[in-house]
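> Pasting the sequence and the predicted coordinates here, then a few questions.
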Amino acid sequence: MTEKYGVMVCGHGSRDEGAVREFAAVAKGIAERLPQYQVESGFLEFATPIIRDGLDRLQESGHTHILAVPGMLFAAGHAKNDIPSVLNRYAAEHEGLTISYGRELGIDLKMIRAAGERIKEALATAGGDVPLHETMLVVVGRGASDPDANSNVTKVMRLLWEGLGFGWGETVYSGVTFPLVEPGLEHAARLGYKRIVVFPYFLFTGILVNRIYDYTDKVAAAHPDIEFIKASYLNDHPLVLDCFAERVEEILLGQNNMNCGMCKYREQALGFEDEVGLRQESHHHHVEGIGTGDAHAHSHDHDHPHDHDHGHHHDHSHGHGHSHDHAHHPYPHADHPLGPVSMKKSGS
């Protein structure tokens, strides 16, 4: 029998009516990107329809294989335990029904680009001529009892900081873990930046996002010499919707677990867009064996400046080959005052 596939978007749920409306808009945007499937949605708690309601609609309309994705940024307790338990119980109760569960949005270059656009929108609205080198970025995560999920927010912050070229970046959290928003922003205010951009790395509005903005106002009032800029959360940014659609398709196509998915040579990394498709080759073949006591090791008598680390890079995943002048693509923020230029100034 031919399988009939349907899609289920599993949300957390919120008591905030605005968040529920935004989730519905995101589900609609996902459905528009996947016209070949019937797409349903539901919530784990706090709102209706619940996840079982959406599963019922798919099952009753003859779907035999449901592709379920968590409508969440990171995998913490809800995505790892709560949603799978609902899906597994439902599948066990309905013979002949298969439910395949996809991964969360996670750290993805589309998500970083979407976040970057929200931040750039806020800066454009604020106007003025404060350079990014004199502006600090504070990314606010949800906060979880899962340190892996918390560490992901820090990686997002670093990708945004480096991609856009801010003077400094910090990560704070709206709850559960530390540092929380108010003490984190008070700490940020002591660092001496003229502007601080506060960006909630959240999908939807709700009480937590409102609290983030309230705390921002409170700290800003205590530091009138610093301009605080409140960036919008992600919401239904087109790149977010694209990423959700990819998570559904991954279930059938197979998941790419390699960090190649975050590689600047394959995808548009914020700030490094012009490096997509550069041909790759190991930059170390000319120093193979040096320092090992091998008399046959070969080298070149020339300086070989590096702007990358010496970790193994998955060369097999990309095309190879380029001219042998060993030049590296220029780093987009080579003139950052806290970067390589500061080492030259100090004579290091």
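On my side now, so go ahead.
> Which element, helix or strand, includes Glu22?
helix 17-33 (DSSP states H and E).
> any idea of the mean pLDDT in the helix or strand just after that helix?
Per DSSP H and E, the first helix or strand lying C-terminal to helix 17-33 is strand 38-43. What strand 38-43 shows for mean pLDDT is 97.
> how far out from the middle of the chain is stretch 36-44?
23 Å (CA atoms, centre = their mean, to the nearest Å).
> still on that earlier bit, got the angle between the helix holding Glu22 and strand 38-43?
In terms of direction (axes from the mean of the first three to the mean of the last three CA atoms, to 10 degrees), helix 17-33 departs from strand 38-43 by 160 degrees.
> Can I get helix 17-33 as CSV, trimmed to CA atoms?
Extracted as CSV, the C-alpha positions of helix 17-33 are listed here (Å, rounded to 0.1, in the frame of the first residue of the first chain):
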residue,chain,number,x,y,z
GLU,A,17,-3.1,35.0,22.6
GLY,A,18,-0.6,36.8,20.5
ALA,A,19,1.8,33.9,20.7
VAL,A,20,-0.9,31.5,19.7
ARG,A,21,-1.8,33.6,16.6
GLU,A,22,1.9,33.9,15.6
PHE,A,23,2.3,30.1,15.9
ALA,A,24,-0.8,29.7,13.6
ALA,A,25,0.8,32.1,11.1
VAL,A,26,4.1,30.1,11.1
ALA,A,27,2.2,26.9,10.6
LYS,A,28,0.4,28.5,7.6
GLY,A,29,3.8,29.6,6.2
ILE,A,30,5.1,26.1,6.5
ALA,A,31,2.1,24.7,4.7
GLU,A,32,2.6,27.2,1.9
ARG,A,33,6.1,25.8,1.5
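> all numbers from here: first residue = 16
Shifting the count to begin at 16 puts that one at helix 32-48.
> Outside of stretch 58-66 itself, list whatever touches it.
23, 25-30, 35, 38, 56-57, 93, 97-98, 101-102, 105 (CB atoms under 8 Å, 6 or more residues apart in numbering). Yep, even glycine has a C-beta here, placed from its N, CA and C like the rest.
> and what of stretch 184-196?
151-160, 162, 165, 168-169, 172-173, 175-176, 198-200, 202-203, 215, 223, 226-227, 230-231.
> Likewise for stretch 198-213?
By CB under 8 Å, 6+ apart, stretch 198-213 touches 134, 137-138, 141, 145, 149-153, 155, 181-183, 185-188, 194, 227-228, 230-231, 234, 237-238, 241-246.
> List the ones among those that fall in helices.
If you go by DSSP state H, these have 134, 137-138, 141, 227-228, 230-231, 234, 237 in helices.
> Now the residues you listed in CSV, please, with extra columns for pLDDT and neighbour count.
Formatted as CSV, these follow (pLDDT from 0 to 100; neighbours: other CB atoms under 10 Å):
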residue, pLDDT, neighbour count
Ile134, 98, 23
Ala137, 98, 16
Leu138, 98, 17
Ala141, 97, 16
Ile227, 98, 24
Tyr228, 98, 17
Tyr230, 98, 21
Thr231, 98, 21
Val234, 98, 22
Ala237, 98, 11
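> Now render those as CSV, adding distance to Glu110.
Output for these, formatted as CSV (distance: CB to CB, whole Å):
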residue, distance to Glu110
Ile134, 49
Ala137, 52
Leu138, 55
Ala141, 58
Ile227, 46
Tyr228, 49
Tyr230, 51
Thr231, 52
Val234, 57
Ala237, 62
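> Out of those residues, flag the one nearest to Ile122.
Ile134 (16.4 Å; CB to CB).
> Can you pull the domain assignment for the protein?
Following automatic domain parsing, one finds the domains of the chain at 20-119, 124-245.
> Having no further points to raise, I will conclude here.
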